[in-house]
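Chemist: no letters, just coordinates:
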């Protein structure tokens, strides 16, 4: 199985933060009703999907980083994690900062071995190679931001580029 590097994780944590900032800018251009409108996505609305993404990031970070705390709601209530865009923005800012700090502290050896955790989604104990879990976390982020990007575009919001190579400081 190919290994990931601390540098790759740092790049992806920076990409995650940049994309969340871009997403916030587009979300701020919409009304509260537009953010909460059920758009047929799995988590319903733009805000609901953004909340689920934040919930997932906080849950995984609590498993990956000592001292990080898990969200106070379960998966089924993740779409309601932050009640307003302002509350979501504050939590998103803190969570992205924690991800970037966690990534900066990684050493190659930090990405070896397995991670064991109880998965509420699966209803059982799980164990997987840590490098796969970290890759999954960034894939999960990209997946849900793609959904949000599509919903924002459909709602008429101006969205930003999502290509990794266009991230400021990438090259």
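Modeler: Arrived safely, thanks for sending. All of these numbers come straight from a predicted model, not from anything done at the bench.

Chemist: just give me the longest helix of this structure.
Modeler: Counting by DSSP state H, the longest helix found in the chain is helix 130-154.

Chemist: and the contacts of that one?
Modeler: By C-beta atoms under 8 Å, 6 or more residues apart in numbering, the residues outside helix 130-154 that reach it are 1-4, 9, 12, 15-16, 19-20, 23, 26-27, 30, 39, 41-43, 45-46, 49-50, 52-53, 56-57, 60, 63-64, 110-115, 159, 162. All C-beta spots, glycine's among them, are computed from the backbone N, C-alpha and C.

Chemist: take the residues you listed and keep only those in helices.
Modeler: Among those, DSSP H puts 9, 12, 15-16, 19-20, 23, 26-27, 46, 49-50, 52-53, 56-57, 60, 63-64 in helices.

Chemist: buried ones among those?
Modeler: 9, 12, 15-16, 19-20, 23, 26-27, 46, 49-50, 52-53, 56-57, 60, 63-64 (16 or more other C-beta atoms under 10 Å).

Chemist: partners of the host helix or strand of residue 118, with directions?
Modeler: Using DSSP states H and E, residue 118 sits within strand 114-119. Using DSSP bridges, strand 114-119 pairs in its sheet with strand 124-129 (antiparallel).

Chemist: give me the distance from the partner strand to the chain's centre.
Modeler: Computed by C-alpha atoms, centre = their mean, to the nearest Å, the chain-centroid distance of strand 124-129 equals 20 Å.

Chemist: and the helix or strand bottoming out on mean pLDDT in the chain, which residues are buried?
Modeler: Taking mean pLDDT, DSSP states H and E as the measure, the helix or strand of the chain with the lowest value is strand 114-119, at a mean of 94. Buried residues in strand 114-119, counted by 16+ other C-beta under 10 Å: 115, 117.

Chemist: got the angle between it and helix 46-64?
Modeler: Counting by axes from the mean of the first three to the mean of the last three C-alpha atoms, to 10 degrees, strand 114-119 points 130 degrees away from the direction of helix 46-64.
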